[in-house]
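K.L.:
Got a predicted structure here, sequence first:
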Amino acid sequence: MLSIYNSLSKQKEEFIPLNPDHVKFYSCGPTVYNKIHIGNARAFISADLLSKVLKGIYPKVTYVSNITDIDDKIIKAAKEENLTIKELTKKYFDLYMQDIGLIGINPPDIQPFATNFITEMIEYIERLISLEKAYEIDGNVLFRVNAFKNYGCLSGRKIDEQEHGKRVEIESYKENENDFTLWKPSQKDEPGWDSPWGYGRPGWHLECSVMSEITLDIPFDIHGGGNDLKFPHHENEIAQSCACNGLDNARDFAKYWVHNGFLNLESEKMSKSLGNVIYIEDLIKEYKGNHIRLALLSTQYRQPIPWSKTLLDQAKTISNKISDFIDKNEFVEPKFIASTNIAAALFDDLNTPKAIRIMQDFVQDSKFIKDEVATFKYIFEGSTQDTTIDKNTIQEIEKLINERNQARIDGDYVLADKIRDKLSKMNVSIKDVDGKTEWKI
Ligand code: AMP
Ligand code: ZN
């Protein structure tokens with residue numbers, strides 16, 4: 001039913017799970033040294049979309065997304081902000097969770113933190129060394145790319161091609177310029193861990209090989225991330241995981257490799273140095289979470305997004321039109337229904353623009369089809385709450401709703417009505433649906 005573009009075969013393939021009773025999906029998560037920007041959000045919303053579709057189809061899906069909480073950028077940022085590594089990564093992890101929540105991205109089922117797996121990473125390196133797939137030199141441990149014959153299978157880069165014509169000098173300690181770091185020494189004042197190769201820290205690629213294998217077991221179904229991660233990150237992950245487990249084929253590590261296209265500003269590159277980086281906390285002052293969500297999903301996940309205010313304003317108009325139409329009719333619980341036209345569009349390599357068009361046509365023709373609406377809401381209305389409300393207000397509203405529910409359980413309808421009145425004075429309207437209370441401002 002679902003077909004998905006596999007970056008390994010470079011074609012759309014029918015998705016056939018390794019085990020339909022338990023589908024397993026890993027996607028690379030954030031390095032928590034900075035607020036996520038709208039480009040990162042595109043990567044996370046693409047993974048969230050795939051996990052939502054999978055969860056709509058299969059009875060059990062585990063979606064893992066790692067948190068990189070140690071690397072050079074983190075060390076530098078911690079110095080600049082005068083925070084410890086733990087304080088810095090906690091701060092940006094919390095902001096990441098808040099930001100993804102604002103645009104209706106569900107938290108992944110498992111979020112392994114790299115620093116919780118250092119012992120396992122050291123063991124993994126020891127295994128690679130004993131298999132002669134890695135070597136140590138002066139406190140550095142490097143992966144020997146020549147020891148994995150399919151190196152380049154994902155990105156199409158060949159080791160020879162890369163060496164050819166390159167004039168940069170190979171770092172003296174490397175056997176081959178493509179050999180990459182598994183472990184490197186830390187200065188005394190830098191974060192690090194004791195290891196058989198001295199005080200140091202792991203290279204970035206290693207954590208995903210180790211944590212995906214521990215959390216999901218290999219092989220698992222899908223591995224995802226942004227296009228930029230194909231090389232070197234995913235190529236190196238494949239090399240490590242295959243070499244460590246005696247595998248030749250990347251599919252025996254993860255069967256489908258899925259990559260999202262890049263988001264850039266319409267006219268220029270988005271970068272800190274140009275001072276034009278767009279953050280969710282700024283957009284949310286003017287737009288609802290669902291407007292931003294629809295803007296991000298109005299392009300199919302593999303295509304580039306030229307981000308602009310016009311795109312966002314168009315998404316706002318479309319989103320408002322659709323939700324007005326939906327709200328005018330009877331309440332429908334969000335639910336993925338595989339037999340709908342909207343689901344059919346999503347089954348075709350997650351064709352979200354088509355799914356949105358289908359819903360727009362229903363609105364145009366005033367056709368309220370419950371199953372289509374349920375499926376649309378499930379995918380596109382991730383955040384039902386108005387996220388321009390501050391956290392304290394949300395807490396206050398939820399507290400009142402809980403008190404009202406308790407009052408109803410206790411049969412105290414006078415109190416329940418009083419609380420409803422109070423909420424209504426706060427401009428909060430509530431709806432009781434299947435034992436749950438939905439609210440809206
Ligand atoms: P990072 O925190 O830099 O490791 O990035 C987290 C995720 O965001 C990765 O999957 C990246 O590929 C992805 N990513 C970074 N920048 C963009 C962008 N401009 N557009 C789409 N995805 C991006
Ligand atoms: Zn990764």
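P.N.:
Sure thing, it's come through. Ligands and ions are numbered 1, 2, ... in the order given.
K.L.:
Let's verify the nearest residue to N341 once chain neighbours are set aside: helix, strand, or coil?
P.N.:
Residue nearest to N341 in three dimensions, not counting chain neighbours: I358, with 5.0 Å by C-beta to C-beta, 6 or more residues apart in numbering. For every residue, glycine as well, the C-beta is placed using N, CA and C. Classification of I358 by DSSP: H, G, I helix; E, B strand; the rest coil places it in helix.
K.L.:
count of residues packed around I358?
P.N.:
By other C-beta atoms under 10 Å, 19 other residues sit near I358.
K.L.:
Tell me if I am right that K12 is in a strand.
P.N.:
Yes - under three-state DSSP, K12 sits within a strand.
K.L.:
Show the contacting residues for it.
P.N.:
K12 makes contacts with 3-6, 349, as judged by C-beta atoms under 8 Å, 6 or more residues apart in numbering.
K.L.:
if we go to 6 Å?
P.N.:
K12 makes contact with 3, 5, 349 under the criterion C-beta atoms under 6 Å, 6 or more residues apart in numbering.
K.L.:
Relative to Q187, which of the residues you listed is nearest.
P.N.:
Among the contacts of K12, Y5 lies closest to Q187 (C-beta to C-beta), at 43.3 Å.
K.L.:
Please confirm that that closest one is located within a helix.
P.N.:
No - counting by three-state DSSP, Y5 falls outside a helix, being strand.
K.L.:
wait, doesn't the residue nearest to N341 sit right on A343?
P.N.:
No - using C-beta atoms under 6 Å as the test, I358 is too far from A343 to be in contact (10.0 Å).
K.L.:
how near is the nearest residue to I105 once chain neighbours are set aside to ligand 1?
P.N.:
In this structure, I105 finds its nearest non-sequential neighbour in D48, 4.3 Å apart by C-beta to C-beta, 6+ apart. Going from D48 to ligand 1 by C-beta to the nearest ligand atom, to the nearest Å gives 12 Å.
K.L.:
Can you give me the distance of D48 to R293?
P.N.:
As judged by C-beta to C-beta, to the nearest Å, D48 and R293 stand 9 Å apart.
K.L.:
ok, now D69?
P.N.:
Relative to R293, D69 is positioned 27 Å away (C-beta to C-beta).
K.L.:
ok, back up a step: name the helix or strand for the residue nearest to I105, please.
P.N.:
Element membership of D48 [criterion: DSSP states H and E] is helix 38-57.
K.L.:
do the same with K79
P.N.:
Under the criterion of DSSP H and E, K79 resides in helix 72-81.
K.L.:
For that helix, which helices and strands make contact with it?
P.N.:
The contact analysis (3 or more C-beta pairs under 6 Å, 6 or more residues apart in numbering; DSSP states H and E) places helix 72-81 against helix 85-102.
K.L.:
which outside residues touch the helix it packs on?
P.N.:
Against helix 85-102 from outside (C-beta under 6 Å, 6+ apart): 30, 32, 35-36, 44, 69, 77-78, 191, 280, 284, 289, 387.
K.L.:
cool, stretch 223-231 as well?
P.N.:
In contact with stretch 223-231 (C-beta under 6 Å, 6+ apart) are residues 26-28, 43, 47, 154-155, 254, 257-262.
K.L.:
What of stretch 258-276?
P.N.:
With C-beta under 6 Å, 6+ apart as the test, stretch 258-276 has contacts from 7, 39, 42-43, 46, 222, 224, 226-227, 230, 277, 301-308.
K.L.:
Cross-check these against ligand 2 and keep the overlap.
P.N.:
With the criterion set as C-beta under 5 Å from the ion, no member of the contacts of stretch 258-276 is near ligand 2.
K.L.:
Just these: which are in helices?
P.N.:
39, 42-43, 46 (DSSP state H).
K.L.:
Any chance of a markdown table for those, columns neighbour count?
P.N.:
Converted to a markdown table, the ones in helices among the contacts of stretch 258-276 look like this (neighbours: other C-beta atoms under 10 Å):
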| residue | neighbour count |
| --- | --- |
| G39 | 20 |
| R42 | 22 |
| A43 | 27 |
| S46 | 26 |
